[in-house]
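>>> no sequence on this one, just coordinates:
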């Protein structure tokens, strides 16, 4: 299991477009991938789950990946956060 803690850096937070990017990226991997905010953990392959997480600007998010390609999966999702979902 790989866990990476990151912070949302794009001003709009996680809305429909970033959520779709996360789902698309997570779907490329066999590992189970979750996003965790506070005590809430959601499946990163579920667009509705991501949107209902309600993660805004500067919110701390934990990326959790578990499976055969877990390191690559977690790094790919983290890269989206680091590049501000190509918004800024």
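Yes, it's here. Just so it is clear, the model here is predicted, and its values are computed rather than measured.

>>> ok, residue 81 touching residue 8?
Yes: if you go by C-beta atoms under 8 Å, residue 81 and residue 8 touch, sitting 6.5 Å apart. C-beta coordinates here come from the backbone N, C-alpha and C atoms, glycine included.

>>> who touches both of the two?
residue 61 (C-beta atoms under 8 Å, 6 or more residues apart in numbering).

>>> okay, helices next: where are they in this protein?
16-26, 47-52, 70-82 (DSSP state H).

>>> list the helices and strands the longest one packs on?
With contacts defined as 3 or more C-beta pairs under 8 Å, 6 or more residues apart in numbering; DSSP states H and E, the secondary structure elements packing on helix 70-82 are strand 2-7, helix 16-26, strand 32-37, strand 60-66.

>>> ok, and what's touching it?
Looking at what lies outside helix 70-82 - C-beta under 8 Å, 6+ apart - the contacts are 1-4, 6-9, 18, 21-22, 25-26, 28-29, 31, 33, 35, 44, 61, 63-65, 67.

>>> if we go to 10 Å?
With contact meaning C-beta atoms under 10 Å, 6 or more residues apart in numbering, helix 70-82 is reached by 1-10, 14, 18, 21-22, 24-26, 28-35, 44, 61, 63-67, 69, 86.

>>> residue ranges with poor pLDDT in this protein?
Along the chain, segments meeting pLDDT under 70 span 88.

>>> from the centre of it, point out the most distant residue.
Distance to the chain centre peaks in the chain at residue 68, reaching 18.2 Å (criterion: C-alpha atoms, centre = their mean).

>>> residue contacts, the nearest residue to that one once chain neighbours are set aside?
Using C-beta to C-beta, 6 or more residues apart in numbering and skipping residues adjacent in sequence, the residue nearest residue 68 is residue 30, 5.7 Å away. Residues counted as contacts of residue 30 (C-beta under 10 Å, 6+ apart) are 67, 68, 69, 70, 73.
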